[in-house]
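A.B. asks: task: produce atomic coordinates for the following.
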Amino acid sequence: MREAHYFYVPNAAETDELPLDETIHAIRVLRLKPKDQIYLMDGVGSFYLAEVKMASSKHCLYKVKEVLKQNPSWKGQIHLAIAPTKDMGRMEWMVEKATEIGFNKISFLNSKFSERHVIKADRIERIVISAMKQSRKPWKPLISPIVDFKDFIKNEKAKNKFICHCYDEIPRKDFFANLDSNNDDIVVMIGPEGDFSIDEVKAALSLGYESVTLGKSRLRTETAGLNAVMMANLALRL
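C.D. replies: Model (predicted):
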């Protein structure tokens, strides 16, 4: 049995050609030929069984044979808001693994103790797409550019808003224990290596965010982000 090959094609039902980067992979790496079967994913919940019609060095045309709508494996929306690490490689690893687990959106925060104030959104996008294909998930997480902490907490409209921090003087609930089947629209905030400032935490609490902890261990930023996504996914699993 031949391995199934998956390609990310936004609006897959409305076009008949793979994007250029996917074409290069299909033709030069996989050496696909006419009549080969492929699977497309549109990023919004559907797979498409398709057949290659034409393959050249820069073009790969296909014909959709069947639309395979998928049911989500978790309900609601999981939104991770995180201050990126100085070493972007650690953040890229976290985004890849969080995509494999399953979440809906990531926002990058510029907070008081942030060590990185710029990200390459196009690179993050490529990592997300690769992880989607690897894990066979037809939903693509949205990627938001860096936003100022104060603007984020003021504008976020999620029903269930959480901020993780390490300040003992501010009471905290256990994040996972505080999730239930009614928490179907979640945003969870993770600070930089130096944590959010205490004033930032208090500002978030004044706007309705809940103070939470991810456990007794002191985690690196990327570990905390991945842990939060995993907890939310488990709590909302269908």
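A.B. asks: so the protein: which segments form each domain?
C.D. replies: The chain resolves into domains spanning 6-69, 78-236 when parsed by the TED database.
A.B. asks: give me the distance between residue 114 and residue 67.
C.D. replies: The gap separating residue 114 from residue 67 is 43 Å, by C-beta to C-beta, to the nearest Å. In this view, the C-beta of every residue, glycine as well, is placed from N, C-alpha and C.
A.B. asks: ranking the domains of the chain by burial, who's on top?
C.D. replies: Mean neighbours per residue, mean count of other C-beta atoms under 10 Å, is largest over the domains of the chain for domain 78-236, with a mean of 18.
A.B. asks: ends of that domain, what's the gap?
C.D. replies: Start and end residues of domain 78-236 are separated by 9 Å (C-alpha to C-alpha, to the nearest Å).
A.B. asks: and if you look at stretch 214-226?
C.D. replies: Taking C-alpha to C-alpha, stretch 214-226 runs 11 Å from one end to the other.
A.B. asks: residue 162 against residue 174, yeah?
C.D. replies: No - in terms of C-beta atoms under 8 Å, residue 162 does not count as a neighbour of residue 174; the distance is 10.8 Å.
A.B. asks: any shared contact partners between these two?
C.D. replies: residue 212 (C-beta atoms under 8 Å, 6 or more residues apart in numbering).
A.B. asks: need the contact list for the most centrally placed residue in the chain.
C.D. replies: The geometric centre of the chain, computed from its C-alpha atoms, lies nearest to residue 141 (C-alpha atoms, centre = their mean), at 4.0 Å. By C-beta under 8 Å, 6+ apart, the contact set of residue 141 is 98, 99, 103, 104, 105, 106, 128.
A.B. asks: what score does the nearest residue to residue 74 once chain neighbours are set aside have for pLDDT?
C.D. replies: Leaving aside its chain neighbours, residue 74 sits nearest to residue 236 (4.3 Å; criterion: C-beta to C-beta, 6 or more residues apart in numbering). Here, the pLDDT recorded for residue 236 equals 92.
A.B. asks: list the contacts for residue 236?
C.D. replies: By C-beta under 8 Å, 6+ apart, the neighbours of residue 236 are 74, 75, 76, 78, 179, 181, 183, 184, 186.
A.B. asks: can you put the contacts of residue 141 in CSV and add distance to residue 16?
C.D. replies: CSV is the format used below for the contacts of residue 141 (distance: C-beta to C-beta, whole Å):
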residue, distance to residue 16
98, 32
99, 27
103, 31
104, 29
105, 30
106, 31
128, 25
